[in-house]
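**Q** Output the structure for:
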Amino acid sequence: MKKLNFNSTLNHKQSDYKTREVIVEKVITLYGNHFSELRDHPLRDDTYIAENRDLMYIDSNDTAHCLLMVDSDNGDGILVESEGSNYARKSQFIPNARALIESNELTVSERKLHRELKEIADKIAEFAHCGENSFVFEELLEKSDLDFKSLLRDSVVKMLQEREDIQMAESHSIDVDFQPDIIVEAKPTQELTLYCPLHIVREYDESEYEFDEEVIDKQEIIPSKYAVDCADEINNFIQDYSEPEEEHRGLMVYFDDNPAVSEKVFSAIPSVKEINGELMGVFECQITEELTSDELRDLREYLSGQASDGWGESVEQRPIKTADYGEIYVSFWNDSDDWSLQTSEEMGLEQSEDLSEEPEMTM
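**A** Now for the predicted structure:
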C-alpha cells in the first residue's frame, strides 16, 4: 500500500469526537485565492455563503445541512453551516474533499466493477508468486461471473439519471433482439443570450495615405453602427472558423470548471447581431433550467475569458473579407471600461422563454 499524503488539522489532546449526520446541500468549487481566504479567515463575510445561507440549517433531527466549499487546485474542502449568517459560524476542514465527492458519485455497478477488477489483480498477483508471469486478459474476464458489458451500461445510465440536463434515462436488457440498450430523453431548453460590444478595425488603404507613414501604421476603427451590413459576412466567417467538436455545444465543449453549469448550459454559440441599430457580439446559450447567481457568474466569467483570450483572440487576428470595407478584423473584447457581457434583461431586451422540443435520443 502506498503512503497517504494530504492536508489536515490536528487537535492537541482531544478528549472525544462527537459526530452528527451531515447532508451536503451544495458543492461549490472555489478558484484562485478564494479558498485560502476562507480557510485562513473563516469568520469573515463570504459572498458564496451569503448567497446560499438559506440552504444551511440544523433540522429537527439534529441533522446539519451544509455547503461544501472545495479548492479547485488541490481538492481540499471546508464544510460550512452558517446559522443564517454571511460567514462560517460552524465549519470543518475536510482533507481531499474532492475524492469524497467522487467516491459518493460512484454507482453500484461501478463499485461491483472495481471489486471484480481487484479480484482479477489479486489472482494475477497470486499466480505471479507461483512463477507465472504472462497473462491473457480476455481469458481472465471469461472466468468472471460478472457481465462487464451490463455493468458498464448500467453505470452510464445511472450517470445520465443524475445529470441536470437529462429528464429520463432507462436501461434495457442487451439480450433482447431489436431493442435499444439505452433510452434517453433530454430536458427541453430555453434561450439565454449574452451581449458584448464589438471592436472592428481595418487597415488604412496605403494608396490613399501614401506619404503619411503615421497613418499607415495605424488601423481605422469602424463604428458598430456602420458595420451592420457586414453581419452575414462575419457570421459566415465565425461558422467556417469553428472546430468540428463545436458543432452541437459551441464553446461549452471546452468548459470544465463547474459540473452544474456544464450540465445546465448545453451550448454557447458566438455570433454577431444588430441590436438597436448597432452590431454587437452575442453568445446564444441553450439552458435546461434557470441558472443561480453563482452559476451565471461562472458562465459569464468563462465566456468573457473566451472573448478576450481563447476563442476571441484567435478570431480577431484573422481578416474577414467584406464587400463594404474590404478586410476587417473583429474583436469580441476590448480593454476599455465600456466593455461588458450583459444578459437580455440587463440590456433592456425581451428574452425568449419558449422551451424547445428536444427529440428522444436512443442509443
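**Q** low-confidence ranges in the stretch 51-200 of the chain?
**A** Applying pLDDT under 70 to the stretch 51-200 of the chain picks out residues 173-176.
**Q** the strands in the stretch 151-300 of the chain, which residues?
**A** 166-171, 182-186, 190-197, 199-203, 219-221, 265-275, 278-287 (DSSP state E, counting those that start in this stretch).
**Q** Can you add mean neighbour count and distance to L106 and give these back as JSON lines?
**A** Heads up, the C-betas are built off the backbone N, CA and C, glycines and all. Converted to JSON lines, those look like this (neighbours: other C-beta atoms under 10 Å; distance: least, C-beta to C-beta, whole Å):
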{"stretch": "strand 166-171", "mean neighbour count": "16", "distance to L106": "17"}
{"stretch": "strand 182-186", "mean neighbour count": "17", "distance to L106": "19"}
{"stretch": "strand 190-197", "mean neighbour count": "20", "distance to L106": "32"}
{"stretch": "strand 199-203", "mean neighbour count": "19", "distance to L106": "48"}
{"stretch": "strand 219-221", "mean neighbour count": "12", "distance to L106": "55"}
{"stretch": "strand 265-275", "mean neighbour count": "20", "distance to L106": "25"}
{"stretch": "strand 278-287", "mean neighbour count": "21", "distance to L106": "28"}
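**Q** which one of these lies closest to T9?
**A** Checking the strands of the stretch 151-300 of the chain against T9 by C-beta to C-beta gives strand 265-275 as the closest, at 36.7 Å.
**Q** so is E346 in a helix, a strand, or just coil?
**A** Here E346 is recorded as helix under DSSP: H, G, I helix; E, B strand; the rest coil.
**Q** What is the neighbour count of it?
**A** 11 (other C-beta atoms under 10 Å).
**Q** please begin residue numbering at 129 from this point
**A** Got it, the first residue is 129 from now on, which makes the last one we talked about E474.
**Q** Am I right that A178 falls within a strand?
**A** No: counting by three-state DSSP, A178 is not found in a strand; it is helix.
**Q** Report the contact partners of the spatially closest residue to it that is not a sequence neighbour.
**A** Closest residue to A178 apart from its sequence neighbours, by C-beta to C-beta, 6 or more residues apart in numbering: N214 at 4.0 Å. Listed by C-beta atoms under 8 Å, 6 or more residues apart in numbering, the contact partners of N214 are D173, D174, I177, A178, R181.
**Q** wait, the second one sits on R167?
**A** Meaning D174. No: assessed by C-beta atoms under 8 Å, D174 is found out of contact with R167, at 11.2 Å.
**Q** More neighbours: which of those two?
**A** D174 (24 against 19).
**Q** all helices of the stretch 129-278 of the chain, in order?
**A** In the stretch 129-278 of the chain, the segments counted as helices under DSSP state H, counting those that start in this stretch are 162-168, 175-179, 225-232, 236-257, 265-270, 276-289.
**Q** could you dump the ones you listed to JSON lines with distance to T321?
**A** Listed next are those as JSON lines, based on distance: least, C-beta to C-beta, whole Å:
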{"stretch": "helix 162-168", "distance to T321": "28"}
{"stretch": "helix 175-179", "distance to T321": "23"}
{"stretch": "helix 225-232", "distance to T321": "32"}
{"stretch": "helix 236-257", "distance to T321": "38"}
{"stretch": "helix 265-270", "distance to T321": "50"}
{"stretch": "helix 276-289", "distance to T321": "28"}
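**Q** Okay then, goodbye and thanks.
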